[in-house]
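Asker: Here is the input, now give the coordinates:
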Amino acid sequence: MNFLDKNNPAFAELYSVLDSKMKNLLDQGLGTDTKQADPISGEDENKLWESGIFGMKDSKTLQLSVFFYACKLFGLRGRDEHRGLQCDQFEIGEDSEGRFIRFIGRGSKTYHGGLGQMSINNKDIKHYCTPGNDGDFYKRPLPAMPGNSIRYGHQPVGVNTLTKFMKEISQRGSLKGVYSNHSGKRTCATSMYEDGIDG
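Answerer: As a prediction, this is how the structure comes out:
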């Protein structure tokens, strides 16, 4: 039984009263201050590079860098889209416009495929650049060895670890704000907006 079913005559009056009260509370400002993830600004991004949080000095640093740019450049969602990421979803190639890296999406929180989404296209994004491996995209970093500072194991990074990547990046870089994995998607959207790309 749904007490909020406005089409059920038994609960129509209750629905009306609750609806009115919620609108009244919103007018008073209650519920308008929602805590949302901040995007990483260009200034903070530079700070992360300068402080060594991003880079190629070891496996973990490279992994956090790749995670951030997968969010920023391809708009990947926080946990699930990264956890299911496979190396074969990326293609490096060249065409008449130059060299590129291409991301081919699969199912996500907002795209499940099926009959109901036949008119929606899956993510297929190319980024052109200036002058493999198979299986899970994020592997567990291994300690550096002499002559080999970047090493990864065969096991994939766990979903709980992936959930904390953006928080780890912001804490290591001493960034001020509220950062979660959704910050990556917001960074992507903010960058596109600042570059004048329509949504």
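Asker: The helix or strand where Asn46 lies packs against which elements?
Answerer: Here Asn46 sits within helix 42-50, counting by DSSP states H and E. Contacts defined by 3 or more C-beta pairs under 8 Å, 6 or more residues apart in numbering; DSSP states H and E place helix 42-50 against no helix or strand at all. (Glycine included, C-beta is placed from N, CA and C.)
Asker: so after it, what's the next helix or strand?
Answerer: Following helix 42-50 toward the C-terminus (DSSP H and E): helix 59-74.
Asker: and that following helix, how far from the chain's centre?
Answerer: With C-alpha atoms, centre = their mean, to the nearest Å as the basis, helix 59-74 stands 10 Å off its chain's centre.
Asker: Next, the angle from it to helix 42-50.
Answerer: For helix 59-74 against helix 42-50, the angle by axes from the mean of the first three to the mean of the last three C-alpha atoms, to 10 degrees is 150 degrees.
Asker: Contacts for the next helix or strand after helix 59-74, please.
Answerer: Toward the C-terminus, helix 59-74 is succeeded by helix 80-83 as the next helix or strand (DSSP H and E). By C-beta atoms under 8 Å, 6 or more residues apart in numbering, the surrounding residues in contact with helix 80-83 are 67, 70, 76, 105, 108-109, 137-138, 156-157, 159, 162, 165, 181.
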